[in-house]
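Visitor: Need a 3D model of the following:
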Amino acid sequence: MATKRSLATKLGVVAGFEDPQVALEQYPTPPDLAAHVVHLADLHGDVDGRTVLDLGAGTGMLALAAALECPARVVGVEL
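Guide: Here you go, the predicted structure:
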């Protein structure tokens, strides 16, 4: 399990939306928030070796964060 800080650092390279569409509610997830959410899920045993589903994946920030924590697979669903 990676530390929350190292996870946030790795996620810092993810690009945001170039032209966000308000009607689609395209809000970027900051790297530190994604790291926090995935780190907590991993502490509760909800990531390692499991399937992680990111609905409304957007930039894929949560899916990428989960992928760095050794899940069985990650599925991101977006328009």
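Visitor: Go through the helix ranked longest in the chain and flag the buried ones.
Guide: Counting by DSSP state H, the longest helix found in the chain is helix 31-43. For helix 31-43, the neighbour count (16 or more other C-beta atoms under 10 Å) marks Pro31, Ala34, Ala35, Val37, Val38, His39, Ala41, Asp42 as buried. In short, each C-beta sits where N, CA and C put it, glycine included.
Visitor: Quick one: mean pLDDT over that helix.
Guide: Mean per-residue pLDDT for helix 31-43: 97.
Visitor: residue contacts, the most centrally placed residue in the chain?
Guide: With distances taken as C-alpha atoms, centre = their mean, Leu62 lies nearest the centre of the chain, 1.1 Å away. For Leu62, the contact set (C-beta atoms under 8 Å, 6 or more residues apart in numbering) comprises Thr29, Ala34, Val37, Val38, Asp54.
Visitor: redo that, cut-off 6 Å
Guide: Ala34, Asp54 (C-beta atoms under 6 Å, 6 or more residues apart in numbering).
Visitor: how about it, secondary structure?
Guide: helix (DSSP: H, G, I helix; E, B strand; the rest coil).
Visitor: Need the pLDDT of Val22.
Guide: 89.
Visitor: quick one, what contacts it?
Guide: Here Val22 is in contact with no residue (C-beta under 6 Å, 6+ apart).
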